[in-house]
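Visitor: A predicted structure for the sequence below; I have some questions about it.
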Amino acid sequence: MTVRWLLARGGFLLVLGGFLFYAVFPFYYALISSLESGSGLFEPSVLPRSATIGNYAAVFGEQPFARSILNSFMVAVGTVAATLFLAALAAYALGRIRFRGRRGVLFTVLTISMFPQVAVLSGMFELIRALGLYDTLPSLMLSYLILTLPFSIWVLTAFMRELPDEIEEAAILDGASRLTVLTRILAPLIAPALVTTGLLALIIAWNEFLFALTFTLSAEARTVPVAIALISGSTQHELPWGIIMAASVIVTVPLLIIVLLFQGRIVSGLTAGAIKG
Amino acid sequence: MSSVALVEIAKSFGRQPALVGIDLEIADGEFMVVVGPSGCGKSTLLRIVAGLAQPDRGDVVIGGERVTHWPPARRGVAMVFQSYALYPHMTAFDNMSFGLEQARASRAEIDRKVRWAADILRISHLLERKPRELSGGERQRVAIGRAITREPGVFLLDEPLSNLDAGLRGHMRAELIELHRRLKVTTIHVTHDQVEAMTLADRIAVMREGRIEQVGPPLSLYRRPVNRFVGSFIGAPQMNFIAVELRGYADGVLVVGLPGGAELRMPIEPEHRFAPAASVEAGLEIGVRPEHLIASNGGKADLAGRIRLVEHLGSATLLHVRCPGIEADVRIQLPGIVSWQAGQEIAIEVPAAQCTIFAAGVAIAHGG
């Protein structure tokens, strides 16, 4: 028993270790590279030999990177807010109200999420130009809804369906309107799902590159992923890895913090006690 | 305070009829229990009164107003759900105040009414707790509290006690009676438990397959069931049914012969007096409750058989007796603890005054 147990345990730890290395090492390497200066970058090592913040200063010094971060932040927050609002309304209808064509709507939503981004790029470009949104932040919020809404609607619809009918009926008997039922009763009950989908939408909006590259032109509307891609060295043949790594670390850390903060809120079982238990 | 009238209510789900022409009147302040086996349509009936479901035909009248198409909140009804359906993210206080808040009551009024209801239900110390921190019985009280804070004209209870354990159920039953006595609100209580029906109701409506079979005070249903279904559904242990032969049928008196040969004479109910004998003869049986049969000690013996099983309940003893010519065991309930044992021969007296005679399932003669 002990040998088999040791083998199983060891194997498990090995797989876990490999997975952890695969997931975390690139970020660790970016972190130590960002602290190197000059040619130190090109001598690979696991521990940083020098620790300078020169690269970090350069990120903000050589381009309006703070502006890009602010843009990314506003786009992400706007996208998440719009996504949750629209998806919650849609999920209420799709999850709790019986109507003809409900399945059809759900599958259309699912189909949309299968289009590759490139396929909708030109059409979206025309739409954004027609709306006069080219090179503005709302253009990104609008286009990101294509990426965030389908899965949000599906996840929230699934959660809405799980809630017992009687809770909603009790609220209706209490005189609550549909909107009150949604905001006061159902939304708090699916809060874990709202947090989860909100986080995913946030990550998508924060990382998105293709739409951001296509629909913005000036530094005033540029978001972080594009800004990083456009970081260039002093000559055509030089790629400033140190600065790029520093920029990557800067934009990854807030995301990490947010995810870790909200992790505790992604709890299920909030409905415990609603019905007999 | 409101009376409730249901007029020819019909409802089906797809092709499945759930309710077939329900007529029922409930007086102001009355405690009506609607009882029936699961799937008989009783919960659908309650949801139609509440306004959570729409009837296909017929009308709901509450307090003299035709409310069939009114939204639930306007009807002045409050409901306690089987699962309680408390709002899990709100405290007991918020659960109880939500309805008042929706009705835009002032904060002082909300506070006063919630505390009044909490006081009646003795849950004042639990108001700050969330549903998951409450026991089943406490949740039940909060659910009832939520219903009474709005001072409804009609109180709807959908199997409110079925999720409680037996001891607590008996306790809550007594509390519901007490609550009704105190508030005098018209109440419709739906249950599948005939004991609940017998103990709570001013009147009982027995339902089966979307129809009301009989409406009346508990003891009248117990003594004079209109058909075999009501006879078997009301009362525990269940009524005995024994197939009998027609011996005589004249002058409003029915004479039937038990399998052992003994005869019973009973007056026929007026509305069945002129039915042709042939229609009466089909499927003739007597119904008699186990507690009305008498273990005969050398006296009159209408039935005889061998005891197959003895169930000691403490306060009573239930004998299962195998009688020749009778398909099912005849059950006799004797008071207290008795010395009868399985395997013994027993003679049974059938008091005609406590019997009902059914022809094809319909009661045509009552002994009492």
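Guide: Now that the structure is in, tell me what you want to look at. Residues are numbered from 1 along each chain as shown, chains lettered A, B, ... in the order given.

Visitor: centre of the chain versus the lowest-mean-pLDDT helix or strand in chain B, how much separation?
Guide: Across the helices and strands of chain B, the lowest-confidence element by mean pLDDT, DSSP states H and E is helix B:277-281, at a mean of 71. Here helix B:277-281 is found 31 Å from its chain centre; the criterion is CA atoms, centre = their mean, to the nearest Å.

Visitor: Same check on stretch A:74-90?
Guide: The chain centroid and the centroid of stretch A:74-90 are separated by 12 Å, computed with CA atoms, centre = their mean.

Visitor: Are that stretch and chain B in contact anywhere?
Guide: No: using CB under 8 Å from any CB of the partner chain, stretch A:74-90 never reaches chain B; the gap is at least 15.6 Å. (C-beta placed from N, C-alpha, C; glycine too.)

Visitor: Can you name every helix or strand that whichever helix or strand comes after the least confident helix or strand of chain B contacts?
Guide: Going down the chain from helix B:277-281, the next helix or strand is strand B:284-288, by DSSP states H and E. Helices and strands touching strand B:284-288, by 3 or more CB pairs under 8 Å, 6 or more residues apart in numbering or on different chains; DSSP states H and E, are helix B:228-233, strand B:240-243, strand B:356-359.

Visitor: residue in the stretch 1-150 of chain A nearest to chain B?
Guide: Using CB to the nearest CB, the single residue of the stretch 1-150 of chain A nearest to chain B is A:Arg98, 12.1 Å away.

Visitor: Tell me how many other residues crowd that residue.
Guide: When counting by other CB atoms under 10 Å in any protein chain shown, one arrives at 5 neighbours for A:Arg98.

Visitor: a helix runs through it, doesn't it?
Guide: No: counting by DSSP: H, G, I helix; E, B strand; the rest coil, A:Arg98 is not part of a helix but coil.

Visitor: Please work out which of the helices and strands packed on strand B:284-288 is packed deepest.
Guide: Among the helices and strands packed on strand B:284-288, strand B:356-359 has the highest mean neighbour count (mean count of other CB atoms under 10 Å in any protein chain shown), at a mean of 24.

Visitor: outside of that one, which residues touch it?
Guide: B:224-225, B:227-228, B:231, B:241, B:244, B:254, B:256, B:266, B:272, B:275, B:279-288, B:363-367 (CB atoms under 8 Å, 6 or more residues apart in numbering or on different chains).

Visitor: cool, stretch B:167-183 as well?
Guide: So stretch B:167-183 is in contact with B:31, B:120-121, B:136-137, B:140, B:144, B:148, B:155, B:157, B:160-161, B:164, B:187, B:189, B:196, B:199-200, going by CB under 8 Å, 6+ apart.

Visitor: Contacting chain A as well, which ones from those?
Guide: Okay, of the contacts of stretch B:167-183 touching chain A (CB under 8 Å from any CB), that's B:Gly136.

Visitor: Low-confidence bits of the stretch 1-150 of chain A, can you list those?
Guide: Along the stretch 1-150 of chain A, segments meeting pLDDT under 70 span A:1, A:38-41, A:44.

Visitor: From the contacts of strand B:356-359, list just the buried residues.
Guide: Among the contacts of strand B:356-359, those scoring as buried are B:224-225, B:227-228, B:231, B:241, B:244, B:254, B:256, B:266, B:272, B:280, B:284-288, B:363-367 (criterion: 16 or more other CB atoms under 10 Å in any protein chain shown).

Visitor: Single out the residue in the stretch 51-200 of chain B that lies closest to chain A.
Guide: For the stretch 51-200 of chain B, CB to the nearest CB, closest residue to chain A: B:Arg132, 2.8 Å.

Visitor: That residue contacts B:Leu86, doesn't it?
Guide: No: the criterion here is CB atoms under 8 Å, and B:Arg132 misses it with B:Leu86 at 9.3 Å.

Visitor: does B:Arg129 really touch B:Phe93, like I thought?
Guide: No: applying CB under 8 Å, one finds B:Arg129 not in contact with B:Phe93, separated by 9.0 Å.

Visitor: what sits in contact with each of those two?
Guide: The contact lists of B:Arg129 and B:Phe93 share no entry, where a contact means CB under 8 Å, 6+ apart.

Visitor: Give me the more crowded residue out of those two.
Guide: Of the pair B:Arg129 and B:Phe93, B:Phe93 is the one with more neighbours under other CB under 10 Å, namely 21 against 16.

Visitor: Next one: the more buried one relative to A:Gly11, how far apart?
Guide: B:Phe93 sits 54 Å away from A:Gly11, going by CB to CB, to the nearest Å.

Visitor: Buried ones in the helix or strand B:Ala18 falls within, by neighbour count?
Guide: Element membership of B:Ala18 [criterion: DSSP H and E] is strand B:16-26. The neighbour-count check on strand B:16-26 (16+ other CB under 10 Å) flags B:Pro17, B:Ala18, B:Leu19, B:Ile22, B:Leu24, B:Ile26 as buried.

Visitor: Whatever helix or strand comes next after that strand pairs with which strands, and in what direction?
Guide: Per DSSP H and E, the first helix or strand lying C-terminal to strand B:16-26 is strand B:31-35. Using DSSP bridges, the strands paired with strand B:31-35 are strand B:186-191 (parallel), strand B:203-208 (parallel).

Visitor: I would like the residues contacting strand B:31-35, please.
Guide: Identification of contacts with strand B:31-35 by CB under 8 Å, 6+ apart yields B:24, B:26, B:42, B:45-46, B:180, B:186-194, B:196-197, B:200-207, B:233-234.

Visitor: Hey, what's the angle from that strand to strand B:16-26? Just curious.
Guide: 160 degrees (axes from the mean of the first three to the mean of the last three CA atoms, to 10 degrees).

Visitor: For residue 213, give me its contacts.
Guide: Here I'm looking at chain A. Counting by CB under 8 Å, 6+ apart, A:Leu213 makes contact with A:Val226, A:Ala229.

Visitor: other chain: chain B
Guide: Counted by CB under 8 Å, 6+ apart, B:Glu213 has contacts B:Val206, B:Met207, B:Val226, B:Asn227, B:Phe229, B:Val230.

Visitor: What sits closest to it if chain neighbours are left out?
Guide: Spatial nearest neighbour of B:Glu213, excluding adjacent residues (CB to CB, 6 or more residues apart in numbering or on different chains): B:Val206 at 4.7 Å.

Visitor: Quick check: the one you found touching B:Val230?
Guide: Yes: between B:Val206 and B:Val230 there is a contact under CB under 8 Å: 5.0 Å.

Visitor: Quickly list what's touching both of those two.
Guide: By CB under 8 Å, 6+ apart, B:Val206 and B:Val230 have these common neighbours: B:Glu213, B:Gln214, B:Leu221.

Visitor: near chain A, which residues of chain B show up?
Guide: Counting by CB under 8 Å from any CB, chain B comes close to chain A at B:50-52, B:71-73, B:77-79, B:81-89, B:98-99, B:102-103, B:130-134, B:136, B:139, B:146, B:150, B:163.

Visitor: Fine, thanks again, bye for now.
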